[in-house]
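Chemist: how would this look folded up:
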Amino acid sequence: MTAHIAQTTLVEAAAAAAEGVAGVAFLKPGLAERLRSPLSRPAPHTGRTRPAGVRMTADGEDGSWHVEIQVVVARRARAVDVARAVRAHVRDRLTTLAPTHPTPTVTVTVTGRV
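Modeler: Residues are numbered from 1 along each chain as shown. The predicted structure is shown next:
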């Protein structure tokens, strides 16, 4: 498995983990999803589109990851509680999938309410 495919798989797992948290309405759509144009292309080598609202970058020389999640929360939920739950759920899911890597840093931004 190449590093790119592994990262794409982890991004998809992070997106699924975030979407599974109570109070999350959806992940923030990216520009390509808003335009619904040919710019919304599958991720290279996978045939799948990249999950919107999730960005994963290498955080340092130790091989750790920094994951940024952007969510829109349901109006009935407290944004701070949802953000904390998303951070914990995503961190736990990625740690389970890649136990040999350092624990990722997860940042959650609430971008709206519906």
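
Chemist: C-alpha from now on. contacts and neighbour counts both.
Modeler: Fine.

Chemist: Need the three-state assignment for the closest residue to residue 7 other than its chain neighbours.
Modeler: Nearest residue to residue 7 in three dimensions, chain neighbours excluded: residue 56, at 7.8 Å (C-alpha to C-alpha, 6 or more residues apart in numbering). For residue 56, the assignment made with DSSP: H, G, I helix; E, B strand; the rest coil gives strand.

Chemist: Surely residue 56 touches residue 66?
Modeler: Yes: here residue 56 lies in contact with residue 66, judged by C-alpha atoms under 8 Å, at a distance of 5.7 Å.

Chemist: Sort out which residues of stretch 7-19 are buried, please.
Modeler: Buried residues in stretch 7-19, counted by 16 or more other C-alpha atoms under 10 Å: 8, 10, 11, 12, 13, 14, 15, 16, 17, 18, 19.

Chemist: export these to CSV and tack on pLDDT and distance to residue 92?
Modeler: Converted to CSV, these look like this (pLDDT from 0 to 100; distance: C-alpha to C-alpha, whole Å):
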residue, pLDDT, distance to residue 92
8, 86, 17
10, 90, 12
11, 93, 13
12, 93, 14
13, 94, 11
14, 95, 10
15, 95, 13
16, 95, 12
17, 96, 9
18, 96, 11
19, 95, 14
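
Chemist: Okay, and which of the residues you listed map to helices?
Modeler: In helices, defined here by DSSP state H, the members of those are 8, 10, 11, 12, 13, 14, 15, 16, 17, 18, 19.

Chemist: thinking the fourth one is in contact with residue 51, fair?
Modeler: Yes: under the criterion of C-alpha under 8 Å, residue 12 lies in contact with residue 51, with a separation of 6.3 Å.

Chemist: relative to strand 54-58, how tilted is the helix or strand in which residue 112 is found?
Modeler: Using DSSP states H and E, residue 112 maps to strand 105-113. Counting by axes from the mean of the first three to the mean of the last three C-alpha atoms, to 10 degrees, strand 105-113 lies at 160 degrees to strand 54-58.

Chemist: rewinding a little: can the buried residues of stretch 7-19 go into a markdown table with extra columns for distance to residue 89?
Modeler: Putting those into a markdown table (distance: C-alpha to C-alpha, whole Å) gives the following:
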| residue | distance to residue 89 |
| --- | --- |
| 8 | 18 |
| 10 | 13 |
| 11 | 13 |
| 12 | 14 |
| 13 | 11 |
| 14 | 9 |
| 15 | 10 |
| 16 | 10 |
| 17 | 6 |
| 18 | 7 |
| 19 | 10 |
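
Chemist: Good, wrapping up.
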